[in-house]
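In: Model the structure of this input:
(one chain, ligands or ions: 1)
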Amino acid sequence: MKHYDYIEWLLYKNKMLSKEKSEEMEQHLYNCDTCMEIFLSLIDEKEAEHAGEIISDDFTFKIINNIPKTKNIKPKIRQTKKAFNYQLGYYAAVASVTVILTLSGFYTGLVDAVPKLSASVQITQEQTNIIAGLSHSIVDSTSNLLFSIENIDRNNRRKE
Ligand SMILES: [Zn+2]
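Out: Just a heads-up that it's a prediction; the model follows:
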């Protein structure tokens, strides 16, 4: 970044520069802490009272507008990353569950069981819940999975 020196800020403060140059420097001023420090060091207490006359009216407005933008960006990125990681973990879990259930022949058992159950929406939701419950059990431990399948088998037999 190209900085302006003490003399240039002094000329700026005393409005001895062209309008174009002043605007260019003002743009730089609210993006640059280094130059802001130089500029502020040029203003003594008496002049600080008239700072509004030195700095253009929308300067404070621009500063205030820029602050929330900068603050909001970071948490948003973090949230997106979290959601992405969660999704990735979710898909990985679903993939493992699918593999385990396929290997254990669970789907074959489910396909056999479906015609025996009534085709109502309620039962479809029940099956979804059973599978969702299984996902959690598998994450916890393999013994829980086996226990759940045993329970489903028992429940299916009861329904028959
Ligand atoms: Zn600068």
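In: Quick check: which ranges of the protein have low pLDDT?
Out: 45-88, 90-91, 98-147, 149, 159-160 (pLDDT under 70).
In: domain ranges for it?
Out: Following automatic domain parsing, one finds the domains of the chain at 6-56, 75-159.
In: Is any residue of the helix or strand containing residue 11 near the ion?
Out: Assigned by DSSP states H and E, residue 11 belongs to helix 6-13. No: Helix 6-13 stays clear of the ion (Cβ under 5 Å from the ion), getting no nearer than 9.5 Å. C-betas here are computed from N, CA, C, even on glycine.
In: now for the helix or strand following that helix, which elements pack on it?
Out: Later in the chain than helix 6-13, the nearest helix or strand by DSSP H and E is helix 19-29. Secondary-structure packing of helix 19-29 (3 or more Cβ pairs under 8 Å, 6 or more residues apart in numbering; DSSP states H and E): helix 6-13, helix 33-41.
In: Send me the first one as PDB with only the CA atoms.
Out: Coordinates of each C-alpha in helix 6-13 appear next as PDB, following Å, rounded to 0.1, in the frame of the first residue of the first chain:
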ATOM      1  CA  TYR A   6       3.400  13.900   7.100                       C
ATOM      2  CA  ILE A   7       3.600  16.900   4.700                       C
ATOM      3  CA  GLU A   8       0.900  15.600   2.500                       C
ATOM      4  CA  TRP A   9      -1.400  15.100   5.500                       C
ATOM      5  CA  LEU A  10      -0.600  18.500   6.700                       C
ATOM      6  CA  LEU A  11      -1.600  20.000   3.300                       C
ATOM      7  CA  TYR A  12      -4.700  17.800   3.300                       C
ATOM      8  CA  LYS A  13      -5.700  19.100   6.700                       C
END
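In: Can you list the neighbours in contact with it?
Out: With contacts defined as Cβ atoms under 8 Å, 6 or more residues apart in numbering, helix 6-13 is touched by 4, 17, 21, 22, 25, 26, 35, 38, 39, 42, 43, 54.
In: got a winner among the residues you listed for most neighbours?
Out: residue 39 (23 neighbours; other Cβ atoms under 10 Å).
In: what's the burial count for the residue nearest to that one when sequence neighbours are not counted?
Out: Nearest residue to residue 39, sequence neighbours excluded (Cβ to Cβ, 6 or more residues apart in numbering): residue 9, at 4.9 Å. By other Cβ under 10 Å, the residues close to residue 9 number 22.
In: Kindly report the same for residue 18.
Out: 8.
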